[in-house]
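Visitor: next comes the sequence, and after it the predicted model I'd like to discuss.
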Amino acid sequence: MDSLSTHSNAFTVDGPGDDFSAMIGVDERRMHVRAYNYWVSLLEGRDFPSIEDFEPDSVADFAPHSVLLDFTAGRDNPATPYIGSAIRGECGLSGEVGAISDVPSRSLLSRLTDHYLQIIANRAPIGFEAEFVNQRGASICYRGILMPLSSDGDTIDFIYGVINWKEAAETAVATDQPIVPALAPLKLAAEAALAEEGSAAGPVPHLSWQDGPLHDAAADPDDELTLSLDDEAGLADRLSAARDSAEVCKQHDGRSRAALYRALAMAYDFAVAARRATADYAEILEDAGVKAQARAPMTPIVKLVFGIDYDKTRLTEFAAALSFAERCGVDFGAFLAFIEGQPGGLKALVAGERTARRPASAPEPVDPRLVLRGRPAMALADLPTNEEYALVLTRRNAAGVHEIVSVVSDDTLLERALRRSV
């Protein structure tokens, strides 16, 4: 699988978003950079810092805004051995909190479940920002960075997060408002802050946006963020990008054709990359509990991207569309142009794949009599055989005389004819 050095800086998000950055504040954005620098300082040539070297309450700069998640007992409900005082205050926590399931359902910490699984998939730090209505009914804009830690140098079994937030007093957000994609590139802010501070800590972490408070609900639903991956992106990065695109599609309930086609294009590129990195792909399948299918190789691809619980009929259609593109030799990065250039779009690709898979109908049997009627007669001297005996087929001509039209080259039939002739 890809290490941090392989896929850092591989993922970018293009789009406006300075208003949100201003709301959180430059100093607080720099808090994430300082947290990242601290994480890098603990690497010591490893893919991940060791949990043994990590003391979450020792860094006064951002300890109050930090949380440590422990996945050693499983991914579904990580333990919380450390929660900073500022986060405890925001979430209304007064006593011992053993795990994420113990925090209030609409608190800031409960939102981390939307992000921490990406860490495990990407094996690199991830930045995020979002807005939600907390347990007190206040609209909160928050920004954070999650960083992986390990107890054995390979397994990600701890995650350290640093989060800050502001109450968006002027932002009206309904309690049941769906979360929409963010458009603010924290990557650019982090790079700028690093440059201002003269940091030489290393590459900027992998950053991915799930939510965003600046989305214009009245805008065209097809006007979404653009995800781009450079040539150095690893397989895990491509899967994460495809999943992010699929989430955008899901948030529109599949009604945005542009969002769906972008997600399918990212899934297709992931499939192409998976064929080039079979070992990494096998590991991803195993981690996700998805089985490879030799007769339907695109089915596990769409399950990984859209989720194994996604509508099975739609998954089947998506897999058929990707398979048809592969059958047509669509190149890496060319799927979007391919599907948009098809009259009928997705339906046309699905129909094309189903037609290609349908067994060819058997040709109508030809009457041998019709063939032999047009065949020229043969003279005995011209028979194509030098065996002692030969079995021939004759045809009666217009004069009523039989003439040879074929030699039957079948030893079994010849033996039967010989026995019946005596």
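Guide: Thanks, I have it.
Visitor: residues near Ala398, how many?
Guide: A count of nearby residues for Ala398, using other C-beta atoms under 10 Å, gives 5. (Each C-beta comes from the backbone N, C-alpha and C, glycine too.)
Visitor: likewise for Ile140?
Guide: Ile140 is flanked by 22 other residues according to other C-beta under 10 Å.
Visitor: helix, strand or coil: sort out it for me.
Guide: Following DSSP: H, G, I helix; E, B strand; the rest coil, we place Ile140 in the strand state.
Visitor: residue contacts, it?
Guide: Shown in contact with Ile140 (C-beta atoms under 8 Å, 6 or more residues apart in numbering): Leu108, Glu131, Phe132, Val133, Asn134, Trp165, Lys166, Glu167, Ala168.
Visitor: just the residues you listed: which are in helices?
Guide: When DSSP state H defines the helices, the subset of the contacts of Ile140 inside them is empty.
Visitor: among the residues you listed, name the buried ones.
Guide: With burial judged by 16 or more other C-beta atoms under 10 Å, the buried subset of the contacts of Ile140 is Leu108, Glu131, Phe132, Val133, Asn134, Trp165, Lys166, Ala168.
Visitor: columns distance to Asp70 and pLDDT on top of those residues, output as JSON lines?
Guide: Listed next are the buried ones among the contacts of Ile140 as JSON lines, based on distance: C-beta to C-beta, whole Å; pLDDT from 0 to 100:
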{"residue": "Leu108", "distance to Asp70": "18", "pLDDT": "86"}
{"residue": "Glu131", "distance to Asp70": "28", "pLDDT": "78"}
{"residue": "Phe132", "distance to Asp70": "24", "pLDDT": "78"}
{"residue": "Val133", "distance to Asp70": "28", "pLDDT": "82"}
{"residue": "Asn134", "distance to Asp70": "24", "pLDDT": "84"}
{"residue": "Trp165", "distance to Asp70": "23", "pLDDT": "87"}
{"residue": "Lys166", "distance to Asp70": "28", "pLDDT": "85"}
{"residue": "Ala168", "distance to Asp70": "31", "pLDDT": "69"}
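Visitor: for Val408, state which of these is nearest.
Guide: Phe132 (84.4 Å; C-beta to C-beta).
Visitor: kindly provide the distance from the closest one to Ala356.
Guide: Summarising the geometry, the distance separating Phe132 from Ala356, computed by C-beta to C-beta, to the nearest Å, is 46 Å.
Visitor: what of Glu44?
Guide: When C-beta to C-beta is the yardstick, Glu44 and Ala356 sit 53 Å from each other.
Visitor: tell me which of these two has more neighbours.
Guide: Here Glu44 and Ala356 are compared on neighbour count by other C-beta under 10 Å; more neighbours surround Ala356, at 12 against 9.
Visitor: spit out the contact partners of the more buried one.
Guide: Contacts here follow C-beta under 8 Å, 6+ apart; on that basis Ala356 touches Phe324, Arg327.
Visitor: and it, backbone torsions?
Guide: For Ala356, the backbone dihedrals (degrees, to the nearest 10) come out as phi -70, psi -30.
Visitor: pLDDT score for it?
Guide: Note for Ala356: predicted pLDDT of 82.
Visitor: got it, and Ala294?
Guide: Each residue has a pLDDT score; the one for Ala294 is 79.
Visitor: cool, Asp2 as well?
Guide: Confidence per residue is given as pLDDT, and for Asp2 that number is 35.
Visitor: over to Tyr38?
Guide: On pLDDT, Tyr38 comes in at 85.
Visitor: ok, so what distance separates it from Glu286?
Guide: Applying C-beta to C-beta, the value for Tyr38 to Glu286 is 32 Å.
Visitor: so which of these two has more stuff around it?
Guide: Relative neighbour count places Tyr38 above the other of Tyr38 and Glu286, with 19 against 11, counting by other C-beta under 10 Å.
Visitor: name the element that one belongs to?
Guide: According to DSSP states H and E, Tyr38 maps onto helix 26-41.
Visitor: which elements pack onto the helix or strand following that helix?
Guide: Heading C-terminal from helix 26-41, the first helix or strand you meet, by DSSP H and E, is strand 66-70. Using 3 or more C-beta pairs under 8 Å, 6 or more residues apart in numbering; DSSP states H and E as the contact definition, the elements that strand 66-70 packs against are strand 79-83, strand 156-167.
Visitor: which one of these lies closest to Thr385?
Guide: Proximity to Thr385, assessed across the helices and strands packed on strand 66-70 by C-beta to C-beta, is greatest for strand 156-167 (77.0 Å).
Visitor: from the middle of its chain, how far away would that closest one be?
Guide: Strand 156-167 sits 24 Å away from the centroid of its parent chain (C-alpha atoms, centre = their mean, to the nearest Å).
Visitor: stretch 373-389 now?
Guide: With C-alpha atoms, centre = their mean, you get 67 Å for stretch 373-389.
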